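Q: Sequence and predicted structure below; questions after.
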Amino acid sequence: MIRAVIVMNTQGKPRLVRFYEFQPPEKQKELIRSIYGVLSSRADNLSNFVQTDAMFGEDTRLVYKHLATMYFVFVFDSSENELAMLDLIQVFVETLERCFKNVCELDLVFNFVKLHTILDEIIFAGQVVETSSEEVMKAVDEIARLEKSTNPISIVTKSVAGRLGR
Amino acid sequence: MAGVVPSATAGGSSSNRSASSLVDSLFQPSLDGMIKSLRSAPGGESALIPRFLSEIRREIRSTDNDTKGAALQKLTYLSSIYSIDMAWAAFHALELLPSPNPALKRSAFLAASLCFHPSSTDLLPLATHQLRKDLQSPKFSFSVPALHLLVLSSSSDLALHLSDDLLSLLSSSHTTPHVRRCAAAASLAIIRLVPNYAHGFLPKLIEVLGPSSPLLSAAAGVFCELVSSGDPRAYLPLAPDFHRVLLECRDNWVLIKILKIFARLTPLEPRLSRKLVDPICDLMRRSSAKSLVFECIRTVFFGFPEQEAAVRLAVEKLKEFVAADDDSNLRYLGLQAMTILRKDQSWVVEENREAIVKSLADSDPNIRGEALRLIMSMVFENNIVDISAVLVHYALRSDPEFCNEILEAILFTCGRNFYELVIDFDWYVSLLGEMVRNPHFIKGDEVERQLIDIGLRVKDARLELVRVARDLLIDPALLGNNHLHRVLSAAAWISGEYIKFSKNPLEILEALLQPRISLLPSHVRAVYIQAVFKVMGFCIISYVNVHIASDSSHDVDKNAGSESLDAFEGDTSKPNSPVGLSRMKELLTSKSITYILNLIVTALAPFSECEEVEVQERACNVLGWIHMLDGVEWKTEDGEWSKDSKIMDISKIMAGVFSEELGPVSVNAQKRIPVPEGLELKENLSDLVLILGKDYIPPLPTISISLQKPFHSEDKETELTTESTSLLAEHRKRHGLYYLPTDKGENGSNEYPRANDSTLSVNLDNTEELLKLTDQSLAPRKTKPSKARPTVVKFNEDDDLTTYSRHLKEKKEGLLTGAVRDVLLFGEEKPSSSQKILSEESAEKMVLEISASSIADSLHKEDFAVGEVEHKISNSRKSKHHSHGKERHRHHRKSEDIEDKIHSTTKRGSHHHGRHKHMQKGESRNALLDVAPHTQVVQDLLL
C-alpha cells in the first residue's frame, strides 16, 4: 500500500501532502521535515530510493523524483514494486503536465484542489486505481465541467475582486 | 486586488446578522487571494496564518453556504500545507456534504477526508444517511469521495450501515469500472475493520479475479495486501485463480501483484513452485518492463530458491541490473535483491563479486550500504580475518558516515551469537584495538561492550586483551577523543581486572595516572582509579610473594607465604603467567614499590576533593590503603627480606579482596535460586500475569556482572578449565604469531603508530586492489582453521529467549485470517477438497484448528443482512465455480499426467494414504455442514 504522497519544493515547503494512514498534524510536520532532510542531502545522480523504516515503520521506503524545483515523493511498503512506484510518479507528473501545460511550481501552489482531484483519481485509499494519465485527465475534466456549471464562489469573488481592483 | 487582502473587516461586527454575512461573502478573501497574500507577506507566512485562522473560524459559522465553503477550503489548504490541526472543523465539513453545489460538496469531502481524526469519528454517524445517498449516486465524482470517507472513518458502525451499499457498488454493472475499483479497494479497509464481513466481500472479490475482469487490478491489489498482512496460508485455496491470472493477464501492474502473492504462498506449498517456474521464467525472458522483471527475480529468490534453472535465469537478469552503469536505481535494487538469497546460494554473490566490491566505492550511499551488507553476508569462519582486515583499511579512506557503517557491520558480524565466527580471539581483539584508532570512529559503546564481554567469556583472550588495553591506555593522544572514552574505560577495567597477564604493571599504572586523564568524564575516571587500586594491590602482593618465593631457600615462614600465594589465583609464580619470576623480581623492587606509591599519592590527592562522589570515594579508598602502608620497611639495605608482619597482613587482605573472579551471568540465573521457605511468591502477584500478559516483552539477553568463585561455578566450567589451560599453554608457545596482523606490510615494527594516523592504511588507492584482496578472501576455502577455537562461556538458556518474542508476535493475527479461512474453506460450500492443496501437515493442523466450535460460531452470526447477501452470492459463486472447475480440469489434466509418471510409486502410495486420511476428516466435517463430499476436483486442478 502507498502510505503517503508528498510534493515539496527544494526549500522543503510542502505543496501537496496526502497521508493514507492517519498521522496527527505535528507528526506530519515532523515527517515532512525529516524527509526533506534526507532528500536535500542527496546529490542528483544518486538512486531514487530511501529506506524509511525509522520514519514510517518497518519495511517502508520512499521513492522520489527531483524535477526542476520540486521533489515528488511516494512512501510505500513491501506490497508495492519500487520501479512501478517510480513509474507512478511519472504518471502523476505527466498528468500534471497535461493539465497545466509546462507545469511549474506556481501551478501547484494555486491549484491545491485540482492537485488533490488528480491524485485521488490515481490513488484511492493507498491503492493504485488508475495508471493511465489519459483516463485520469478525462475524469478530472469531467469533474471540472460539473463544478464549473454551478460554482458561485469563483464567480462572486472574481467579480468583486475585479470591480474593486479597478 | 485590495478586496482580497485581509482587511480591517476582520474585527468589524454588525448587529444585523444577515447583513454581516453578506458583507462577509463580499469581502471574504478566496483561497487564491489567501495564497497570494501569504506569498507576498513581508514578515513571512507564519505571522499571517493566525489572522487567517481567526477569520476562518468566524466565516465558517456563517449561515451562507458559499461563505462557509470558501472558509472550509482555505482551512483545508492551511491545514494540509502547514500541518495545522483542523479536527475542530470536522462538523462544518459534514454540514456541507449535502450541498447541491458539486464544487462545495467536493471540497467538503476533501476537507473531511483530510481532517478526519480518530477523535472526531464520533461525528460520522451524523453523515451516515448522506454517505449512503452519495454512494448510490450515479456520479462518480460523489460516490468515490464518499467511499474514501467511509474508508478513512475506520468506524465499524459506519461499516455496518454501509457495507450493503458497498457490496452493491462492487457488483453493480451500471457503475463505471473506476468506481468499482475504488469500491474494491474500500472493501479491503472494511474487511480489515470488521473481519466478519469477509464472508460478504471475499466471494465478490474472487469473482472479479478473472483475467478479463475490469476490476482485476483492484482485486489483485486487495489480495496482495491481505496475503502480506495476514496469514498467507488461508489464501492457498485461491492459488488456481492467481495462477490463471498469471498465465493470461498482460497487465504489468496486475502481474506484479500476483507475483507478490505467490512469493508468499510458495514457501507454504512447495508444490506450487513447479507450476510457477515456467510462466515466471517466460515473463523474465519476454518482458521489457524492468519493474516486472525485478519482481520476477525477487519472487524466484524468495519463493523458490531451490529451482536451479529459474535461479540461474534470475541471476542472469540480475547481472544486467547490477551492471547498469547509467541507472543507479537498477544497481541499487539489483544488489538489494541479492541479499534475499540464503547463505547456501553464495555462488550468486561470488559470481558478482567484482561488481559488489566496485559498488563499495559508489557515490550513492544506498548502493554502498547494500554492497557492504552483501559482503558481510558472505563472511565465514575461514575468511573473516581477511575480509575484516580489508574493510577496516577501507574504512580509513571512506567518508565518516560510511566508515562507521563499515565498522558497525564488522562489529555486528563478529559479535553475532557469542562471536561464533571468531576463531582467533587474539586477532579479533587486536582488530578492535586497530578499529578505534580510525579518526572517524564513533562506535565506542559497542567496542566497550565487546572488550569486556570477551574478557569475561573467553579466558584465553585475556592475555591479548591486556596487551591491547595497554596500548590504548598508554597513548596520550586517545584521551582527547571523546568517542573513545568508553573504550578507554573498558581498557582500564581490563587492565585492572586481568593485570596478572601484564608484562609490566608499572607501565600500566603510569598510563592510568598520566596527567591527561583529567580530560576524561568522571565516570570513566572512577573506573581508572579503581583499576589503579587493583594494579597497586597486585604489585604489592606480587612483591611479597616473589620475595617469599626467592627467599624460600632461607628461613621463611612457609605457611604464611603459601597461603597468600594460593589466595591470589594465577599469581606470578604459576607457569601460565606471561612474566617470569625473575623478571617480576627485577620489576618489583623496594624502590619501584615506593615509587608507585608516591606516584599514586601525588596523582590521586587532588581527586580526594573532587566534586564527583564516585571519583572522590574511590580516590579516598586508594589513599586510605596507602596510608595503612605508611612506615612499612620495604627492603633492607643488605638485600634481606624484612618479614614485616604488617605487610603480610595487608597483602593477605588485598589478595582476599581481589581474588574473586568476575564472570558472565546467565539471564536466567535468578530462576535457579531456590525459593526460601515461607516466602510466598505466587499469592498476590498471580493477577499481574493477566494484566501484563498482553504486552510483556521479555528482557533481551544481556550480561550482568556478578561475583563468582573461580572454580566453584557450574560443572560445565570446571570441565572446561583443564581444557583451556592446556589450550592456553599451547597458545602461549605460539602467541607471538598472533599479536599483529601478518599483513602489516611496510610498517613492520611491533609498535603501533600514533593515534589517528591515517598513513596506517595499506595504500589501497583504487578498488582494483581491494578486489584483489577480496578475491582471495571471498573464495570459499576448505582448509581447516589451524587453531582450535577457545572456549566461549555461554549459557544455553540465553538462546531460548530470542524465540520467545517471535512467539508473541505470531499470536497477534487471528480474527481476519479465521474469517478468511471460513470463507475460502467453508463459506463457499466447496469445502474439504480445497484445503487439500495444503501440504499434508498443515492441512491436518488446520482441520484441528477449525473445529466445530468455530463453524458454529460462523453460522451463528447475528448479522442478518450480510448473512443473506453472502448466501446469495455464495450460491451464484458455487454454480459459476463449478463451470470453471470443469474447464480447468481439462486444462490441467495433461500436466497432471506427466507428473504422475515422474512420481515414484512408493511416493505415490504414501501420498494416497495421506489423501485418504483427509477424506475421512473431510467427511466428518461435511456431515456437520451437510454438504456433499464430492469435491476432490480443486486439488487436482492445482497440482
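A: Received, thanks. Numbers count the residues shown, from 1 in each chain, chains lettered A, B, ... in the order given.
Q: where along chain A do the strands fall?
A: A:2-9, A:14-19, A:49-51, A:61-67, A:70-76, A:123-124, A:127-128 (DSSP state E).
Q: Quick one: those strands as a markdown table, columns for mean pLDDT, distance to B:Val385 and mean neighbour count too.
A: Placement of C-beta: from N, CA and C, glycine included. A markdown table is the format used below for the strands of chain A (pLDDT from 0 to 100; distance: least, CB to CB, whole Å; neighbours: other CB atoms under 10 Å in any protein chain shown):
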| stretch | mean pLDDT | distance to B:Val385 | mean neighbour count |
| --- | --- | --- | --- |
| strand A:2-9 | 95 | 43 | 22 |
| strand A:14-19 | 94 | 49 | 21 |
| strand A:49-51 | 92 | 31 | 19 |
| strand A:61-67 | 94 | 35 | 20 |
| strand A:70-76 | 95 | 41 | 24 |
| strand A:123-124 | 93 | 51 | 24 |
| strand A:127-128 | 93 | 49 | 24 |
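Q: With distance to B:Glu248 added, can I get those strands in CSV?
A: CSV is the format used below for those (distance: least, CB to CB, whole Å):
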stretch, distance to B:Glu248
strand A:2-9, 27
strand A:14-19, 34
strand A:49-51, 32
strand A:61-67, 30
strand A:70-76, 27
strand A:123-124, 25
strand A:127-128, 21
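Q: how about those in a markdown table, adding distance to chain B?
A: Below are those laid out as a markdown table (distance: least, CB to the nearest CB, whole Å):
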| stretch | distance to chain B |
| --- | --- |
| strand A:2-9 | 10 |
| strand A:14-19 | 5 |
| strand A:49-51 | 6 |
| strand A:61-67 | 9 |
| strand A:70-76 | 12 |
| strand A:123-124 | 5 |
| strand A:127-128 | 4 |
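Q: what's the closest of the ones you listed to A:Asp141?
A: Nearest to A:Asp141, of all the strands of chain A, is strand A:123-124, at 18.7 Å by CB to CB.
Q: Outside of that closest one itself, list whatever touches it.
A: Residues outside strand A:123-124 that contact it (CB atoms under 8 Å, 6 or more residues apart in numbering or on different chains): A:Ile2, A:Val5, A:Arg18, A:Tyr20, A:Val129, B:Val144, B:Leu147, B:His148, B:Arg181, B:Cys182, B:Ala185, B:Ala186.
Q: Pull the distance from it to the chain's centre.
A: 12 Å (CA atoms, centre = their mean, to the nearest Å).
Q: Parallel or antiparallel, which strands does it pair with?
A: If you go by DSSP bridges, strand A:123-124 pairs up with strand A:127-128 (antiparallel).
Q: so how far is the strand it pairs with off the chain centroid?
A: Centroid separation between strand A:127-128 and its chain, computed with CA atoms, centre = their mean, is 14 Å.
Q: So which elements touch the host helix or strand of B:Asp164?
A: In the assignment (DSSP states H and E), B:Asp164 maps to helix B:156-171. Helices and strands touching helix B:156-171, by 3 or more CB pairs under 8 Å, 6 or more residues apart in numbering or on different chains; DSSP states H and E, are helix B:128-135, helix B:140-153, helix B:177-193, helix B:198-207, helix B:864-902.
Q: any idea of the angle that helix forms with helix B:140-153?
A: 140 degrees (axes from the mean of the first three to the mean of the last three CA atoms, to 10 degrees).
Q: Pull out the buried positions in helix B:156-171.
A: In terms of neighbour count (16 or more other CB atoms under 10 Å in any protein chain shown), helix B:156-171 has its buried residues at B:158-167, B:169-171.
Q: now stretch B:33-45
A: Neighbour counts over stretch B:33-45 (16+ other CB under 10 Å) mark B:Gly33, B:Met34, B:Ile35, B:Lys36, B:Ser37, B:Leu38, B:Glu45 as buried.
Q: Chain A versus the fifth one, what's the distance?
A: According to CB to the nearest CB, to the nearest Å, B:Ser37 and chain A sit 12 Å apart.
Q: which strands and helices sit next to the longest helix along chain A?
A: Determined from DSSP state H, the single longest helix within chain A is helix A:82-100. Under the contact definition 3+ CB pairs under 8 Å, 6+ apart, helix A:82-100 sits against strand A:61-67, strand A:70-76, helix A:105-110, helix A:112-122, helix A:133-149, helix B:252-265, helix B:290-303, helix B:328-338.
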